[in-house]
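Q: Structure of the sequence below:
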Amino acid sequence: MILLASAVEKELAFWQPRGGVETLVMGVGPVEAASAIAAALAARRYSLVVNAGIGGAFDSAAQIGDGVIVGDDAMELGLETGEAVSLPPGERVVERARSDVSIVEKLRARGFAVLNGITVSSVTATDETACRLAGRGAQVESMEGFAVLRAAERAGVRAIEVRGISNRCGARERSGWDFSAGTAGLQRLVDALFDVLRDTTTA
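A: Sure, this is the predicted structure:
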């Protein structure tokens, strides 16, 4: 069984129910996402978690309407100065999680870009913040990606994050926000993902 999860129902309005796939509306933000995925994985065993939703792109990493794979997703969990949090010896802050490499590579082979993600709790709305996050290597922004990947990782379940690009990160008046274009890009990628999964199980 595959768990297909989005933050809001409208992101997956295109989805047609199919056998072997359950959908989950998690809610917006990393706390809602992590708790929803953890609860779902505690209640039932899934072979794969798919986090599908819209997201913003930094600089020219992707165009509005593109579907992209987030291979690596991070979250800012240090001091606001960029320095690491001081912890007792042997403790560490987990601030990075990854999509399943084998599925990522199959989708890359179909022509989809694989980008670095960053998960935020406040949508980027200034050029200054966009520059700072892009300087950390971020190419696409979401509010749930890291949380979903990390919750699945802790449960020992494979996961992948896919995004449809709905806007450019930075000043909102120049963001080009287009929810419909984002979900159209997401649909193309989700369709390709389930083609890949079908081919893998029938090979």
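Q: Isn't residue 57 up against residue 164?
A: No: the criterion here is Cβ atoms under 8 Å, and residue 57 misses it with residue 164 at 10.4 Å. Glycine gets a C-beta too; all of them are placed from N, C-alpha and C.
Q: okay, and the common contacts of these two?
A: 66, 68 (Cβ atoms under 8 Å, 6 or more residues apart in numbering).
Q: ok, so what distance separates residue 59 from residue 169?
A: Remark: distance between residue 59 and residue 169 (Cβ to Cβ, to the nearest Å) = 8 Å.
Q: which of these two has more neighbours?
A: Higher neighbour count among residue 59 and residue 169: residue 169, with 29 against 13, using other Cβ atoms under 10 Å.
Q: Who are the contact partners of the more buried one?
A: 56-58, 124, 130, 133-134, 141, 175.
Q: Confirm that residue 53 sits in a helix.
A: No: going by DSSP: H, G, I helix; E, B strand; the rest coil, the assignment for residue 53 is strand, not a helix.
Q: That one contacts residue 7, correct?
A: Yes: with contact defined as Cβ under 8 Å, residue 53 counts as touching residue 7 (5.3 Å).
Q: what is in contact with the two at once?
A: residue 144.
Q: Output the contacting helices and strands for the helix with the most length in the chain.
A: Taking DSSP state H as the criterion, the chain has its longest helix at helix 179-202. Other helices and strands packing on helix 179-202, by 3 or more Cβ pairs under 8 Å, 6 or more residues apart in numbering; DSSP states H and E, are strand 48-57, strand 67-75, helix 101-108, strand 158-168.
Q: Contacts for that helix next, please.
A: So helix 179-202 is contacted by 2, 4, 10-15, 18, 21, 48, 50, 52-55, 64-69, 103, 106-107, 110, 112, 160, 162-167 (Cβ under 8 Å, 6+ apart).
Q: chain center to that helix, what's the gap?
A: 14 Å (Cα atoms, centre = their mean, to the nearest Å).
Q: Now that helix: buried residues?
A: 181-190, 192-194, 196-197 (16 or more other Cβ atoms under 10 Å).
Q: Next: stretch 100-116.
A: In stretch 100-116, counting by 16+ other Cβ under 10 Å, buried: 100, 103-104, 106-107, 112-113, 115-116.
Q: Who are the contact partners of residue 95?
A: By Cβ under 8 Å, 6+ apart, the neighbours of residue 95 are 74-78, 146.
Q: In the chain, where is pLDDT below threshold?
A: 79, 82, 201-203 (pLDDT under 70).
Q: one more time with 80
A: Applying pLDDT under 80 to the chain picks out residues 77-87, 91, 93-94, 199-203.
Q: Residue most distant from the centroid, the chain?
A: Most distant from the centre of the chain: residue 89, at 31.5 Å, with distances by Cα atoms, centre = their mean.
Q: what secondary structure does that one sit in?
A: On the basis of three-state DSSP, residue 89 is classed as coil.
Q: Use 27 as the first number from now on
A: Sounds good: first residue 27 from here, last item residue 115.
Q: correct me, but residue 189 touches residue 87?
A: No: with contact defined as Cβ under 8 Å, residue 189 does not reach residue 87; the gap is 11.0 Å.
Q: between those two, who's got more neighbours?
A: residue 189 (29 against 19).
Q: Great, nothing more from me.
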